[in-house]
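Asks: have a look; sequence and predicted model below, questions after that.
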Number of protein chains: 2
Amino acid sequence: MSPRVESSGGNEKQNRKCSASTKSHSSTRQSPVGEKKMSAMQEISPHVRNMKQLQYAVLAKRASRIKEELRQGVRKPFKELIEVCWGDPHRGGVKPLTFVQQVLAGCVYPQLVDSDKLPVDVRQRAELLLKGCAGGSVGSYTATRGIPEIVHRISEFITSRDGGAPSHPENIYISPGSQWSLMNVLNVLVDGEASPRTGVLTPRPCYLSSNLSMVGLGAVTVPYDLCEERGWELRVEELHGALESAKGVCRPVALYVINPGNPTGHVQSRESMQEVIRFVSEKRLFLLADEVYQDCVYGEQSEFLSYKRVLMEMGPPLSDTVELASFHSASKGFMGECGLRGGYVELVNLDPAVMKCIYKLFSTDSCAPVLGQFALDLLAKPPQPGDPSYPLYREETQHIRSMLVRNVKRVFEVVNGLPGLCCQPVEGGAFAFPRLHLPPEAIQRAEEMGMQPDVFYCTRLLEEAGVFVSPGCEYEPKKGTYHFRFCIMVPEEVMEELLRRLSSFHTQFMKDFS
Amino acid sequence: MSPRVESSGGNEKQNRKCSASTKSHSSTRQSPVGEKKMSAMQEISPHVRNMKQLQYAVLAKRASRIKEELRQGVRKPFKELIEVCWGDPHRGGVKPLTFVQQVLAGCVYPQLVDSDKLPVDVRQRAELLLKGCAGGSVGSYTATRGIPEIVHRISEFITSRDGGAPSHPENIYISPGSQWSLMNVLNVLVDGEASPRTGVLTPRPCYLSSNLSMVGLGAVTVPYDLCEERGWELRVEELHGALESAKGVCRPVALYVINPGNPTGHVQSRESMQEVIRFVSEKRLFLLADEVYQDCVYGEQSEFLSYKRVLMEMGPPLSDTVELASFHSASKGFMGECGLRGGYVELVNLDPAVMKCIYKLFSTDSCAPVLGQFALDLLAKPPQPGDPSYPLYREETQHIRSMLVRNVKRVFEVVNGLPGLCCQPVEGGAFAFPRLHLPPEAIQRAEEMGMQPDVFYCTRLLEEAGVFVSPGCEYEPKKGTYHFRFCIMVPEEVMEELLRRLSSFHTQFMKDFS
C-alpha cells in the first residue's frame, strides 16, 4: 500500500532536498557587502516551503504567451483560446445578471439611484443596501462579521433553504470569498506546533487551494478516496481507512467534504451525508462542508441538501453536538461574481470559547469587500415574482440553467464516445473531470520530458488545440490515474467548439502514441 | 526594567490560566451523549489563543447600543454619536470622490458606459479597465498578482513618486487590503515552529491589527519605543535596545515600521530612515514598511519619502541588498475607499526562491476584489489637467486636504489647551493620539471597576459625550502612559463638535477626580 498521508511531516526527504538546493543557490549569490540575505530559502517557514507549486500556473504562463501570439497574428490551428481551466463563468462567456449589475451600479454611484436609468426595485434595493453602510458609502468599513442587515438576510436564506431549520446571524461570518473563511476556521483548529501534527481528512481528488491552505498552516492532509467507478461517491469505509492511515502520523481533528464535488461533479445523497455525520460524531471530528456549488445541481435524481439541514433533521443528540462549518459564495452558481469576492461561513454547535477565537481572527482583517457582501445579499434574496426586475432575472437564470443542463449532457455523450476517455456523470458543480487512459507510449514520452503524464496531455491540448484545461494531478487523485478538469459553465457554442477540438486532438493523440 | 517582549512565548502564566479556565468551562458543558466537543478551547491553536481581544470591540458593542437607543428616542446629552474610532473617512462624513464613483459605476454596469450620464474620460477609463478583465466583467477572477495593466500602472506610479527609482511590476502584489499582503509576507518569514521563536521588531505604540496578525502566526513581537516627547520620533538607539531585549527570547528576522505613523501621526525624516536602513542592513533584518498614509502629510516641515526611494538613493551596496516590503492601500488617503478592499505590496531585493514562496501564498487566495484593484488604478493615475473630470476631482481633493490641515491645527490648539491632556503635532496620517495625564483618583476608580484607566476614560467619553474614540491600550504604548486615538478625517463641523464635547467632558472628568 502506498503511503496515504502526504504533507510536510511525511516528506522529510523532499524538505531536505529543497533546503539544500537553495542553500547552495544562496551561497553563490553573495551580496556586494559579502553577506547573504536574511531570508534565504532555508530560513523561511517550513509550512510555506512545503506548499506545492501549482501546475496550472505553468500552463497559465504558456496560455498567456499563446494569447499574445494570437494577438500579434501568429498563425495557429485555432483563432482563439478556450480557457476552461478555472471555475469562472464570466471569463468563459456567461453573461453577468443584469439585476446584479444594476444594483451594484446604484450602490457605487448613488446619484444613479435618482435616475430613471434603473428599474424601481433596483433603486429601492440599492437604497436599502446603502442604508446599511456607515456614511451611506460602499467605501466604509463594515462590522467584522459583515453588514448586520446582510448577515440577517443570509440567515433567513439558510433557514428557508433548509426547510425551516433555524439559522442564527451570530453564527455567520462574511469574508472575501469562502476560502478565506475556511482559512480562519482552520487557523483555529490547526496547531502548527503540535506533535503529533494536526490532521485534516480531505477528499482525493480534492480542489487544491484548500489542501494548499491546510499545508501552509502546518496541517497534515489525510486523503480519503472518492469512488470514481460509482460516480465519485463518498464511501464511509474510506473515511475509516483514512483515519487508520493517520495513526502514528498525525492527530486528525477535522473532516473536509466538498458537495457538490469539485473537481468530481458528484452530489451526495442524504444517506451518504448521514453516514458522514455519524462518522464525525463518533470520531469527534469537526466537519468542514464546502457547499459553494449548491445552486448548481443538474442530475435528474440529484438534489442539493446542506449538511446543516441533514444534521438538524437527524435530531438530538447529533444535531446538538456535531460541530459544523458550512461555506458558501457569490462566486459560484448562476451569479458567478468571482471578482467581487464575497463568501460566508455558518458555524454550528461550536464551543463559545472557540467562537470567540474565530471572531478575533476575522477581526484582524477589517472586513470583507462591501460589494462582495452586496452580491451575497442579492444571492440570498433575488428578485421575487411581481418585482419589475423579476422577468428579466428569471429569463437570464433560466437561460444559464438550461445551458448547463445541455452542456453536461453533451460532455457526457462526446467524452464517453472517445477511446481512452471516460467521464462520470456530472450531477452538480462547475466541472467535468474525465479520466484519461493513456497509452504506455504517451506515459513514457511524458516521463522522458520530465512531465507528469496528464500535464503532458494538457500541455499538448493547449498548444495544439487551444483548449486550456487543468491537469488532474493538481487535484491529487489516486496514484496511477490520470484526469483533466474543465469548467462546464460556458455558452453552448463554446462548449460545442471545445468538444470538437478535444475530439479531434484526442483522436490524433491516441493515434500518435499507439 | 519591565520585560519588553510581549507575546505568546513570553507569557506562559497567562496561557496556562487561559487554558485552565476554559477547561473547567468545557467540562461543565458535557454534550447530551456525554462527550465533550472536539474543539474545546484547550485544543485549539495556541497562537490564536494568545491573540488579545480588542478593547474597541467591547466599546463598539456599547456604541451600537447607544445608537439604537438614540433611534428609539431615549434622551441623552447628545443627539448623535461621533464615531472617530476607526480610520474610515466615509463613515466620518468625508464624501467619496465623484470620479471614483463614476468610473466604478461604469465598470459594474457597462451599459452606462454608452450613456451620456458619465463624462467622456470616465467612460474611457471604465472601458480601459474592463478590457483588462476576462470576459470584460468585474465578476471574473484576475491573475494572482492582480490585473497586469493595473499592476503596471502602480509600478509607474511608484517610479514617479520615487523620483525615478525604477519599480518592476513583477515585484508588486495586489491584495484585499494591505494587511493581507503583510500577512502573506509574514507567513513566509515567521516559522511558527521555530525554537527560539521568530521575532519581529514593532513600534510601541503600534497599530494593533498588525501585532495581532504576527502573534496569530506564532511570532514574538519585540517592541521598540517611539519617543513621544520628540513628536513620536523613531530613534535608532531604541532599535538596538529592542534587539538586545530579544536575546534568549526569540530570533528577530524583521523590523516593522509605520510611516506616517499610526496611531502617532509622526512623519519620518530622510535621516531617520537612513539610520533605520543601516540598522536593518547591519542586523540582517527584513524591513516591513507600512506606508498606507503616504498621501496624508500636513506638517509644514514634513514630506513623505518612501523607504524604497531613500534606500535606492543611498546607492549600493545597501540599495542592492536590503530586503524591503512596502505596503500601500486605496483605503487611506483622500480616496478613503476602505470598503472596496484594495492594497498592494512592493517587494525589493528579495531572494528569487523567497519570491516563489510568496507567489504560492498569494495564489491560494484566488485574487483581490476587482473593484479594489480598480480603486488602486485610480489612485495610481488620477485625472490629469485637461481631462473633463479634472476640475471637480481637484476641487474635491483640495477640499479634503484643507479640511485635514485645519482639523490638525484645531486639534493641537484645543487638546493642548486642556489640563491633563497633551498632543504631539500631527504631521501625517489619519489620527491624533493625545496623552492623558489621569488623576490618581481616576486610575483608582478604573481599577476598582476592573478596567484599564484609558478604557475607563473612553467609556465615559462615549457614554456621557457620545464621542467614540479608541483607548490607547489598544496600541500597547509604554507602560504607565495613557492615551486615546481618534480619526481626524471628518468634516470641519464634525471636528468642532467633537472638540466642544471633548473639552466639556474632559473638564468635568478632571473636576470629578481631583
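Replies: Happy to help now that I have it. Residues are numbered from 1 along each chain as shown, chains lettered A, B, ... in the order given.
Asks: report whether stretch A:149-164 contacts chain B.
Replies: No. Shown here: stretch A:149-164 not in contact with chain B (C-beta under 8 Å from any C-beta of the partner chain), separated by at least 12.6 Å. Glycine gets a C-beta too; all of them are placed from N, C-alpha and C.
Asks: strands along the stretch 251-400 of chain A, start to end?
Replies: Ranges of strands within the stretch 251-400 of chain A are A:286-290, A:324-329, A:343-348, based on DSSP state E, counting those that start in this stretch.
Asks: and the shortest one, which strands flank it?
Replies: Sheet partners assigned to strand A:286-290 using DSSP bridges are listed as strand A:250-258 (parallel), strand A:324-329 (parallel).
Asks: quick one: closest of those strands to A:Thr142.
Replies: strand A:324-329 (17.6 Å; C-beta to C-beta).
Asks: just the angle between that closest one and strand A:343-348, please?
Replies: 160 degrees (axes from the mean of the first three to the mean of the last three C-alpha atoms, to 10 degrees).
Asks: so what's the gap between strand A:324-329 and the chain middle?
Replies: When C-alpha coordinates are averaged (C-alpha atoms, centre = their mean, to the nearest Å), strand A:324-329 and its chain have centres 12 Å apart.
Asks: export that strand as CSV, just CAs?
Replies: Output in CSV follows, covering the C-alpha atoms of strand A:324-329 (Å, rounded to 0.1, in the frame of the first residue of the first chain):
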residue,chain,number,x,y,z
LEU,A,324,-20.0,22.1,11.6
ALA,A,325,-18.8,24.9,9.4
SER,A,326,-20.7,25.3,6.1
PHE,A,327,-19.2,27.5,3.3
HIS,A,328,-21.0,29.3,0.5
SER,A,329,-20.0,32.0,-2.0
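Asks: show the pLDDT at A:Lys17.
Replies: Looking at A:Lys17, its pLDDT reads 27.
Asks: then A:Gly10?
Replies: Note for A:Gly10: predicted pLDDT of 34.
Asks: stretch A:433-445: end-to-end distance?
Replies: Taking C-alpha to C-alpha, to the nearest Å, stretch A:433-445 runs 23 Å from one end to the other.
Asks: and stretch A:459-475, by the same measure?
Replies: Terminal residues of stretch A:459-475 lie 17 Å apart, using C-alpha to C-alpha.
Asks: same check on stretch A:286-296?
Replies: Terminal residues of stretch A:286-296 lie 26 Å apart, using C-alpha to C-alpha.
Asks: pull out the buried residues from that stretch.
Replies: Residues of stretch A:286-296 classed as buried: A:Phe286, A:Leu287, A:Leu288, A:Ala289, A:Asp290, A:Glu291, A:Val292, A:Tyr293, A:Gln294, A:Asp295, A:Cys296 (neighbour count, 16 or more other C-beta atoms under 10 Å in any protein chain shown).
Asks: adding distance to A:Val138 and pLDDT, write those out as TSV.
Replies: Below are the buried residues of stretch A:286-296 laid out as TSV (distance: C-beta to C-beta, whole Å; pLDDT from 0 to 100):
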residue	distance to A:Val138	pLDDT
A:Phe286	35	96
A:Leu287	35	97
A:Leu288	31	97
A:Ala289	30	98
A:Asp290	28	97
A:Glu291	27	98
A:Val292	24	96
A:Tyr293	28	96
A:Gln294	27	97
A:Asp295	25	94
A:Cys296	28	94
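Asks: buried residues in the lengthiest helix in chain A, which are they?
Replies: Counting residues, the longest helix found in chain A (DSSP state H) is helix A:390-416. For helix A:390-416, burial by neighbour count (16+ other C-beta under 10 Å) applies to A:390, A:393, A:396-397, A:400, A:403-404, A:407-408, A:410-412, A:414-415.
Asks: what does stretch A:295-302 give?
Replies: Across stretch A:295-302, burial judged by 16+ other C-beta under 10 Å covers A:Asp295, A:Cys296, A:Val297, A:Tyr298, A:Gly299, A:Ser302.
Asks: just send the residues you listed back as TSV, with distance to chain B too.
Replies: Output for those, formatted as TSV (distance: C-beta to the nearest C-beta, whole Å):
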residue	distance to chain B
A:Asp295	15
A:Cys296	16
A:Val297	21
A:Tyr298	22
A:Gly299	26
A:Ser302	26
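Asks: ranges for the helices of the stretch 351-500 of chain A?
Replies: Along the stretch 351-500 of chain A, counting by DSSP state H, counting those that start in this stretch, helices occupy A:352-364, A:370-380, A:390-416, A:440-448, A:453-465, A:492-512.
Asks: weakest of those in terms of mean pLDDT?
Replies: When I compare the helices of the stretch 351-500 of chain A, helix A:352-364 is least confident, with a mean of 86.
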